[in-house]
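**Student:** my questions are about this predicted structure, shown below with the sequence.
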Amino acid sequence: MSELIVSSEASFRSERHHKAISDTIGSKLATLYPGYKWRVEVYGGIADASCVHASGRAGYTFNLVRDGIPDNAAIMRAGGVVLERFKLNRRAFDEHEYRSLPRFCGLLLPEW
């Protein structure tokens, strides 16, 4: 079943801008940390980036209102923080290493 969605010009521009920010952050994370699956959501004035391999439970939040669109260094730092918290390799996804990490109820244990 198809739907027709009616949106105002301002809303459309805002959604398109959020998508561009999400794509920028996501593609940079995918380039810096190959093999990992990243999820980036932008809403309001924040962007949340999380790694699906890290159980999707923890992520990094960018304050777009206060700091603006993150640069490459901020994106690299965010990805590194998420991966290190779950003891994941920062170079590239290693399935053998990933399967050997300790888990609780199937989820990776974070290092708090």
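**Tutor:** Happy to help now that I have it. Everything numeric here is computed off the predicted structure, so don't read it as measured data.

**Student:** nearest spatial neighbour of G59, chain-adjacent residues omitted?
**Tutor:** S50 (3.2 Å; C-beta to C-beta, 6 or more residues apart in numbering). C-betas here are computed from N, CA, C, even on glycine.

**Student:** so the one you found bridges to which residues?
**Tutor:** R39, G59 (DSSP bridges).

**Student:** tell me the pLDDT of it.
**Tutor:** With respect to pLDDT, S50 scores 92.

**Student:** could you do R99 as well?
**Tutor:** pLDDT for R99: 76.

**Student:** what residues does the longest helix along the chain touch?
**Tutor:** Longest among the helix segments of the chain by residue count, using DSSP state H, is helix 9-32. Residues outside helix 9-32 that contact it (C-beta atoms under 8 Å, 6 or more residues apart in numbering): 7, 36, 38-43, 47, 49, 62, 64, 69-70, 72, 75-76, 78-79.
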